[in-house]
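> Return a 3D structure for these sequence lines:
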Amino acid sequence: MDSSFDRATLLCESIVRTIFPRESNPKYEGIEEANYVFRIQDRLRKEILVPLRKVLELPKVYIEANDWNLIPYK
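Below is the predicted model:
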């Protein structure tokens, strides 16, 4: 989400705007555009990407939690 490619293409931003439109939450009304984008990207990370990574058992999840012994080697 924070790659130079994404900053150039705004691909992630357009996806997250589709998933979490401004009208979907009253908290988003009346805030600046940059703040809105930051909030919905954070929401994407917390509500979709983190749980998805856990389900997929990606090594990154275990490495970041310093649970090296739990990394599933299949």
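
> Give me the helix or strand of this structure that scores worst on average pLDDT.
helix 4-9 (a mean of 64; mean pLDDT, DSSP states H and E).

> And the following helix or strand past it, what does it pack against?
With elements assigned by DSSP states H and E, the helix or strand that comes after helix 4-9 is helix 11-19. The helices and strands touching helix 11-19, judged by 3 or more Cβ pairs under 8 Å, 6 or more residues apart in numbering; DSSP states H and E, are helix 4-9, helix 33-44. Every C-beta, even on glycine, is put in place using the N, C-alpha and C of the backbone.

> CA-only coordinates of helix 11-19, as CSV, when you get a sec.
Presented in CSV, the C-alpha positions along helix 11-19 are these (Å, rounded to 0.1, in the frame of the first residue of the first chain):
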residue,chain,number,x,y,z
LEU,A,11,-4.4,1.8,-7.4
CYS,A,12,-4.8,1.0,-3.7
GLU,A,13,-6.6,4.3,-3.1
SER,A,14,-9.1,3.6,-5.8
ILE,A,15,-9.7,0.0,-4.5
VAL,A,16,-10.2,1.2,-0.9
ARG,A,17,-12.5,4.0,-2.0
THR,A,18,-14.7,1.4,-3.7
ILE,A,19,-14.7,-0.9,-0.7
